[in-house]
Every structure is written in C-alpha cells, then in structure tokens.
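Colleague: I would like to see how this sequence folds:
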Amino acid sequence: MNEPTLLVLLTTATSVALLHTAIGIDHTLPFVVLGRARKWSLTKVLAITALCGLGHVLSSVVLGAIGIGLGIGLSKLTTIEASRGSLSAWLLIVFGLAYAGWSFARQRRAYRHIHEHDGHVHVHPHDPHHPHHHAHLHDASTLSGKQLTFWGLFIIFVLGPCEPLIPLLMVPAATMGAWGTFWVALVFGTVTIGTMLLLVTLGYYALQVSLFGPLERYANTLAGVAIALSGVAIKLFGI
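Modeller: Coordinates of the predicted model:
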C-alpha cells in the first residue's frame with residue numbers, strides 16, 4: 001500500500017467530510033429544533049443524530065461499493081447521488097410541513113375541546129388536570145408521533161447522499177484496493193458523524209434559552225417549518 005498517497009486521501013476525506021457536514025444545515029438543524037421542541041435529553045438527541053448519520057453514510061458507501069464492484073462509471077454514480085439529493089430535499093420539505101401541520105392541529109386540540117349538547121356545539125378551553133376518557137387515545141397518538149418522527153428522519157437520511165464520498169472512494173479502489181477504500185470510508189464516516197454530533201450539541205445548548213416567548217406552545221410547529229425551510233435551502237442553494 002502506498003502510505004503517502006493514503007495519508008493524502010485520508011486528510012482529504014477528513015477536510016471534505018468536515019466541510020460537507022458543517023455547511024449542510026440538513027445534517028444538524030432537524031435534530032436541534034426537534035430536540036428543543038420535544039424537550040428531548042441531549043443523550044436522546046445525540047443517539048438519534050448518530051443513527052441517522054450512520055444510515056446517511058452507509059447508504060453512500062453501499063452504493064459506491066456496488067458501483068465499484070459492477071464497474072459503473074463515476075459520472076453515472078454522481079448522477080444517481082444527485083437524484084438522491086433532490087429526493088431527500090423534497091422529503092425534508094414534505095416531512096417538515098406535515099410535522100408542522102400535525103403539531104399545530106394537535107396543539108389546538110390540546111387546548112380546546114368541542115362538545116355537542118342538544119344540537120349545539122360548545123367550544124371551551126381544555127383543563128389539563130381534568131380527567132377524561134380520551135386520555136389513552138392521546139397517549140397512543142403521542143407514541144405514534146414519536147415513532148413516525150424518528151423513522152421519518154431516519155429514512156430521509158438514508159435516502160440522502162454523501163455526495164463527496166463516492167468520488168473519494170474511487171481513487172483508493174483503483175489504486176489501493178479494498179483496504180485503502182475501507183480506511184477512506186471509515187475516516188469520512190467518522191468525521192461526518194462526529195461533526196454532526198458536535199454541531200448538534202452546540203445547537204442544543206444554544207436553544208435551551210427560550211426564543212419563542214408567547215409562541216412557546218407552538219415550538220413543534222415552528223420546528224416543522226424550520227425543517228421544511230432546510231429542505232428549501234438545499235433545493236435553492238445546494239447546501
């Protein structure tokens with residue numbers, strides 16, 4: 001193995017992964033705003049971030065390995081990655097808007113109940129301390145929402161590409177074989193996930209101060225809007 005060449009490739013993989021993750025707001029913003037809105041612990045936020053980051057990196061590694069194994073050209077693989085990037089941006093937009101709409105509707109239901117008596121509809125504020133027989137439905141809805149939130153993010157990140165990774169894998173694959181390719185993929189993935197965790201941690205603590213004021217109860221709705229806007233930023237600016 002050519003050690004100087006490998007060192008150059010690993011250095012390049014480190015710098016590219018760092019830059020790629022730092023400027024890609026979709027790599028951090030969804031976890032920060034959801035963690036803040038849902039009042040998740042930092043441990044939970046970082047665990048979800050790490051799992052999504054791992055799926056994000058591995059999907060491109062698998063695609064690159066298949067392409068290398070089948071002799072698919074770099075241009076074709078790059079085209080596939082670009083298509084995945086466009087798809088993941090649209091999915092972020094749809095996910096963010098759907099989450100915002102669901103959160104807004106759920107928030108309104110939490111504060112108001114509609115009851116019908118003698119043909120008349122009465123609307124009154126909801127007392128959170130007043131027991132009612134719909135409690136188990138609210139619990140089930142909350143559990144379902146948590147599961148959908150995680151799996152929605154995870155699927156989006158698996159479908160989202162690490163655009164710079166495949167070109168980086170092609171060089172060691174052609175000159176050093178599987179061992180060199182493995183090290184480049186490992187370093188790129190480690191730096192990518194590590195940078196995600198660092199930036200999410202910084203964002204998590206930065207948002208511990210309430211920034212919403214009277215809109216605090218709509219934090220989940222605002223989080224959904226922020227996620228959708230991150231998808232829009234990808235479409236408009238390619239970041």
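
Colleague: which stretches of this protein form strands?
Modeller: In the chain, the segments counted as strands under DSSP state E are 112-117, 120-125.

Colleague: now Ala185, nearest residue through space, not along the chain?
Modeller: Computed as CB to CB, 6 or more residues apart in numbering, the closest residue to Ala185 that is not its neighbour in sequence is Val61, at 5.1 Å. Any C-beta I mention is one placed from the backbone N, CA and C, and that applies to glycine too.

Colleague: pull the longest helix from this protein.
Modeller: Criterion DSSP state H: the longest helix present in the chain is helix 74-111.

Colleague: that one - what's its average pLDDT?
Modeller: Here helix 74-111 scores 87 as its mean pLDDT.

Colleague: name the helices or strands packed onto that helix?
Modeller: helix 42-70, helix 135-159, helix 165-175, helix 219-237 (3 or more CB pairs under 8 Å, 6 or more residues apart in numbering; DSSP states H and E).

Colleague: quick one, it and helix 165-175 angle?
Modeller: Counting by axes from the mean of the first three to the mean of the last three CA atoms, to 10 degrees, helix 74-111 lies at 150 degrees to helix 165-175.

Colleague: sort out which residues of helix 74-111 are buried, please.
Modeller: Neighbour-count burial for helix 74-111, counted by 16 or more other CB atoms under 10 Å, picks out 77, 81, 84-85, 88-89, 91-93, 95-96, 99-100, 102-104.

Colleague: ok, stretch 223-235 next?
Modeller: So for stretch 223-235, counting by 16+ other CB under 10 Å, buried means 223-228, 230-231, 233-234.

Colleague: mind showing which ranges of this protein have poor pLDDT?
Modeller: 1-2, 110-146, 210-213, 239 (pLDDT under 70).

Colleague: relative to Val16, which of the helices and strands packed on helix 74-111 is closest?
Modeller: Between Val16 and the helices and strands packed on helix 74-111, the tightest spacing by CB to CB is seen for helix 165-175, at 6.7 Å.

Colleague: may I have that closest one as PDB, with CA atoms only?
Modeller: Taking C-alpha atoms only, helix 165-175 is exported to PDB below (Å, rounded to 0.1, in the frame of the first residue of the first chain):
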ATOM      1  CA  LEU A 165     -17.900  10.300  -0.700                       C
ATOM      2  CA  ILE A 166     -18.200   8.300  -3.800                       C
ATOM      3  CA  PRO A 167     -15.500  10.200  -5.800                       C
ATOM      4  CA  LEU A 168     -13.200   9.800  -2.800                       C
ATOM      5  CA  LEU A 169     -13.800   6.100  -2.800                       C
ATOM      6  CA  MET A 170     -13.000   5.700  -6.500                       C
ATOM      7  CA  VAL A 171      -9.300   6.700  -6.100                       C
ATOM      8  CA  PRO A 172      -8.300   4.100  -3.500                       C
ATOM      9  CA  ALA A 173     -10.500   1.500  -5.100                       C
ATOM     10  CA  ALA A 174      -8.500   1.900  -8.300                       C
ATOM     11  CA  THR A 175      -5.000   2.200  -6.800                       C
END
